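Peer 1: 3D, please:
(one chain, ligands or ions: 1)
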Amino acid sequence: MKLSGVQIIVECLKREDVTQTFGYQGGKVIKLFDALYQEDSIDHVTTAHEQGASHAADGYARVTGKVGVCIATSGPGATNLVTGLATAYMDSIPIVAITGNVPAALLGRDSFQEVDIMGVTMPVTKHNYQIQRVEDVGAVFQEAFAFARDGRPGPVLIDITSDVFAQECEYTPPEGELGEFCKLTDIPADDIKAMIDAAEKPVILAGGGVVLSGAADELFEFAEMIDAPVACTLMGTSSFPGDHRLYTGLVGMHGTKASNMAFQNCDLLIVLGARFSDRVTGDASKFASHAKIVQIDIDASEINKNIPTDLHVVQDIKCALETLNDVVQKKDHTAWVENVGEWKAENEAHIPKEHLPRQVMHALYDQLGEDTIVATDVGQHQMWTAQYYPFKKHNKFITSGGLGTMGYGLGASIGAQVAAPEKHVIHVTGDGSFRMNLNEMATTMRYGLPVITVLLDNNTLGMVRQWQTLFFNKRHAETNLPPINFCGIAEGFGYFTKKVDNIDDFKKALTQALAQKGRPSLIHCTLDIDTMVLPMVAPGASIDKITMSIS
Ligand SMILES: Cc1ncc(C[n+]2csc(CCOP(=O)(O)OP(=O)(O)O)c2C)c(N)n1
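Peer 2: The predicted structure is shown next:
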């Protein structure tokens with residue numbers, strides 16, 4: 001049967017089990033939206049800005065494990081997606097972005113709203129396609145979804161010249177699935193077991209790969225079996241329960257004393273789905289220098305990229321851990337775990353009792369159950385969340401780890417809440433970041449998404465101010481932010497709001513926010529401008545050179 005380009009696209013989306021899209025209208029996608037309007041099995045969320053749509057597709061993908069889909073028109077609509085694509089690229093999140101473009105005959109003529117989105121997105125997508133013939137739609141969509149999902153996931157862009165939407169051709173859905181593109185290696189389970197048997201001071205580093213492969217339960221079993229402390233990267237945070245005796249917290253620049261000292265003193269480091277970013281390793285030449293290193297990652301290009309390893313495996317983390325859990329034997333590293341526990345206690349002793357960010361995180365932890373989703377923007381508030389929110393089993397931490405995108409959090413929360421309407425979604429933000437995405441309050445209101453935004457407002461770009469204080473002799477250039485009546489703005493959108501400056505009022509406000517049915521909330525929590533994220537390791541220093549307090 002003959003179908004039009006837009007009808008084929010809808011068929012392709014259904015074939016890929018797409019039930020939700022995020023995006024924004026425009027002249028070059030009007031026909032596509034018209035076709036989606038007539039299709040009951042696919043819901044659409046219109047965000048306030050295309051960047052919000054790409055972050056929402058990202059948050060949706062992180063919660064469902066499915067490919068997130070966003071749609072934008074040509075020119076500015078397409079370029080507004082780019083930060084979201086780059087964010088997803090750095091964090092390995094599967095997205096298919098669909099953009100309309102000018103008709104093929106007008107390409108390259110500086111036509112109205114024409115932009116070379118292929119050139120723009122090439123470095124920030126796993127792959128991109130431009131469709132100029134209706135006959136290519138079916139095959140391109142099948143391959144694009146397979147690429148987005150396959151191996152190390154990532155964003156893929158499909159740009160379609162708008163004449164394709166109305167063109168017709170015979171369409172037969174492709175049969176079967178494409179083969180796997182990613183080449184995996186066998187798991188040398190006996191070799192890894194021998195290294196574990198020989199180790200007296202093992203440590204596990206859990207990265208984003210553990211979260212992406214859904215391997216939290218397998219990690220839990222593995223860590224308990226080999227009795228090894230578990231540290232997390234920012235992207236790995238929430239893959240291991242924060243209140244577990246083996247958990248040591250974040251590693252690296254804002255890592256805990258326990259994690260950083262454990263790395264520098266361990267004799268075996270097992271790295272699961274982490275890429276040894278410079279924020280994790282500090283001075284790479286001094287990183288874990290007493291340890292044998294085993295690296296397991298699904299992406300062969302990550303192996304030995306930043307840190308040389310003694311043994312590596314190119315594999316999905318869940319699959320690798322399932323295999324290892326079948327062969328490893330119960331270990332007892334009491335002395336080593338107690339040693340790490342002393343560093344944990346030292347870390348704890350340095351945190352002031354009245355540290356409001358920590359009190360807020362603990363109040364959230366106390367009042368929210370398992371299976372809660374916590375999304376952040378970027379800055380100090382992001383680090384406080386990773387440091388102090390003791391993620392429970394199957395909680396999800398959603399953050400822009402690789403690109404560090406201020407303005408990510410509310411869009412991502414929207415995608416997360418759409419994906420999991422029954423769960424609590426908490427958006428932790430700073431005043432700088434919130435200014436970048438508060439337009440998306442229009443979206444949470446419109447769709448009745450009860451996201452709770454916790455704004456930690458220090459009247460400054462806090463993370464940058466902290467660096468200025470420490471490394472620029474307190475010259476606070478362009479970081480102060482004049483106060484804003486955020487509650488007034490949020491009320492304008494229809495939000496429930498409360499402004500607080502102490503933990504008791506915060507807890508009451510949270511109880512009230514949790515009782516709002518289908519209505520989003522803002523808890524505006526004011527902080528002292530010089531509240532710091534500690535501990536801290538100076539950029540490029542060895543990770544055991546830890547500053548615990550600043551007077
Ligand atoms: C889009 C973007 N612009 C600039 C930065 C650089 N940057 C990193 S953290 C930060 C400050 C964030 O301030 P705020 O959102 O208020 O959070 P706080 O650090 O105060 O918690 C800045 C400007 C960034 N990460 N992203």
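
Peer 1: contacts and neighbour counts: CA atoms only from here.
Peer 2: OK.

Peer 1: which residues does the residue in the stretch 1-150 of the chain positioned nearest to the ligand contact?
Peer 2: Of all residues in the stretch 1-150 of the chain, residue 83 sits closest to the ligand, at 8.4 Å by Cα to the nearest ligand atom. For residue 83, the contacting residues are 51, 405, by Cα atoms under 8 Å, 6 or more residues apart in numbering.

Peer 1: now it, what's its secondary structure?
Peer 2: Classification of residue 83 using DSSP: H, G, I helix; E, B strand; the rest coil returns helix.

Peer 1: Check what pLDDT it gets.
Peer 2: Listed pLDDT for residue 83 reads 98.

Peer 1: separation between it and residue 102?
Peer 2: 22 Å (Cα to Cα, to the nearest Å).

Peer 1: With residue 163 instead?
Peer 2: 8 Å.

Peer 1: and the host helix or strand of residue 160, what does it pack onto?
Peer 2: In the assignment (DSSP states H and E), residue 160 maps to strand 155-161. Under the contact criterion of 3 or more Cα pairs under 8 Å, 6 or more residues apart in numbering; DSSP states H and E, strand 155-161 touches helix 82-91, strand 95-101, helix 117-121, strand 127-131, helix 137-149.

Peer 1: contacting residues around it?
Peer 2: 85, 88-89, 92-104, 117-118, 121, 124-132, 141, 144-145, 147-148.

Peer 1: Within the sheet, what are the partner strands of the helix or strand bottoming out on mean pLDDT in the chain, with directions?
Peer 2: Lowest on mean pLDDT, DSSP states H and E among the helices and strands of the chain sits strand 546-547, with a mean of 92. Here strand 546-547 has these sheet partners by DSSP bridges: strand 536-537 (antiparallel).

Peer 1: State the mean pLDDT of the partner strand.
Peer 2: Rounded mean pLDDT across strand 536-537 is 94.

Peer 1: which residues are in contact with it?
Peer 2: Outside strand 536-537, the residues that touch it by Cα under 8 Å, 6+ apart are 252, 253, 254, 255, 282, 543, 544, 545, 546, 547, 548.

Peer 1: What of stretch 262-269?
Peer 2: By Cα under 8 Å, 6+ apart, stretch 262-269 touches 195-196, 199-205, 287-294, 340, 543-544.

Peer 1: how far does that stretch stretch from start to finish?
Peer 2: 9 Å.

Peer 1: do stretch 101-108 as well
Peer 2: So stretch 101-108: terminal residues 11 Å apart, Cα to Cα.

Peer 1: What residues of that stretch count as buried?
Peer 2: 101, 102, 103 (16 or more other Cα atoms under 10 Å).

Peer 1: need the residues of the protein near the ligand, please.
Peer 2: 378-381, 404-406, 430-433, 458, 460-464 (Cα under 6 Å from any ligand atom).

Peer 1: 8 Å instead?
Peer 2: The chain comes close to the ligand at residues 377-382, 403-407, 429-434, 436, 456-465, 479, as judged by Cα under 8 Å from any ligand atom.

Peer 1: Now, those residues that are in strands?
Peer 2: Counting by DSSP state E, the part of the residues of the chain next to the ligand found in strands is 429, 430, 456, 457.

Peer 1: Report the beta-bridge partners for the last one.
Peer 2: So that's residue 457. residue 526.

Peer 1: Could you report the distance from it to residue 6?
Peer 2: Distance of residue 457 to residue 6, computed by Cα to Cα: 45 Å.

Peer 1: Would you list the phi and psi of residue 343?
Peer 2: The phi/psi pair for residue 343 (degrees, to the nearest 10) reads phi -60, psi -40.

Peer 1: one step back: now, among the buried residues of stretch 101-108, which is nearest to residue 325?
Peer 2: residue 101 (50.1 Å; Cα to Cα).

Peer 1: tell me which element residue 252 is part of?
Peer 2: Applying DSSP H and E, one finds residue 252 in no helix or strand.

Peer 1: what sits against it?
Peer 2: Residue 252 touches 233, 259, 260, 279, 280, 281, 282, 537, 543, counting by Cα under 8 Å, 6+ apart.

Peer 1: same check, this time on residue 234
Peer 2: 207, 208, 250, 386, 401.

Peer 1: so which helix or strand takes in residue 505?
Peer 2: Going by DSSP H and E, residue 505 is part of helix 503-514.

Peer 1: average pLDDT for that helix?
Peer 2: 98.

Peer 1: sorry, back to before: show me what secondary structure element comes after the strand holding residue 160.
Peer 2: helix 163-166.

Peer 1: how about the helix or strand following that next one: buried residues?
Peer 2: Following helix 163-166 in sequence order, the next helix or strand is strand 168-170 (DSSP H and E). The neighbour-count check on strand 168-170 (16+ other Cα under 10 Å) flags 168, 169 as buried.

Peer 1: partners of strand 168-170 in the sheet?
Peer 2: Here, using DSSP bridges, strand 168-170 pairs with strand 2-4 (antiparallel).

Peer 1: For residue 500, what are phi and psi?
Peer 2: Dihedral angles (degrees, to the nearest 10) for residue 500: phi -140, psi 160.

Peer 1: I'm done for today, thanks for sticking with me.
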